[in-house]
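Engineer: 3D model of this:
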Amino acid sequence: MNLGMYKPGQGYWTRVLTAAGVGALAVGGAFWINTHFLTKVSDVVSNQSKGIVWAVVLGSTSIALWIVLNRPRVVDFMIATEAEMKKVAWPSRKTLITMTGVVIGGLLGLALLVAGIDAVFKGLFTFIHILD
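Structural biologist: Take a look at the predicted model:
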């Protein structure tokens, strides 16, 4: 039962991960509403009203997610993205560790170079009394 889902058998992982991302945003938004809005007006807003707000947030998120994940342009993009990700030549663990080490080493070297140049200019400017 696909409930009218557009291209139901394709783009599974991109749909699942998109749904997880939207769900995470909804949960974060709900907590933000709770901490920044509902707690500040807790004297006025009853617990029943808070439940209604939560229901509206979750319901609208579900509807928005269902609409977005069933729009043909969006779904076709997700299907194409998943197909392209299967074509990627992912590096081996050894290559990944080596590349990461090269990047970290290069950044440390660059940081030392900038710190050295900074020290030279600081000494020069202190010598000519621009810095005290």
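
Engineer: residues near Leu69, how many?
Structural biologist: Residues lying near Leu69 (other C-beta atoms under 10 Å) number 19. All C-beta spots, glycine's among them, are computed from the backbone N, C-alpha and C.

Engineer: For the most centrally placed residue in the chain, report the pLDDT, please.
Structural biologist: The centre of the chain sits closest to Gly21, judged by C-alpha atoms, centre = their mean, with a distance of 7.9 Å. Predicted confidence (pLDDT) at Gly21: the value is 83.

Engineer: where does the chain dip in pLDDT?
Structural biologist: Residues of the chain that meet the criterion pLDDT under 70 lie in 1-4, 38-50, 52-53.

Engineer: any idea where the helices of it begin and end?
Structural biologist: Secondary structure of the chain (DSSP state H): helices at 12-33, 47-68, 72-87, 93-127.

Engineer: ok, residues contacting the third one?
Structural biologist: It refers to helix 72-87. 6-7, 10-15, 18, 68-69 (C-beta atoms under 8 Å, 6 or more residues apart in numbering).

Engineer: Same list (the residues you listed) but as CSV, adding distance to Leu124.
Structural biologist: As requested, the contacts of helix 72-87 are exported to CSV (distance: C-beta to C-beta, whole Å):
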residue, distance to Leu124
Tyr6, 66
Lys7, 66
Gln10, 64
Gly11, 60
Tyr12, 62
Trp13, 57
Thr14, 56
Arg15, 60
Thr18, 55
Val68, 58
Leu69, 61
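
Engineer: how far away is the residue of the chain positioned farthest from its centre from Phe121?
Structural biologist: Going by C-alpha atoms, centre = their mean, the residue of the chain most distant from its centre is Ile128, 49.0 Å out. As judged by C-beta to C-beta, to the nearest Å, Ile128 and Phe121 stand 11 Å apart.

Engineer: How about Gly106?
Structural biologist: According to C-beta to C-beta, Gly106 stands 23 Å off from Phe121.
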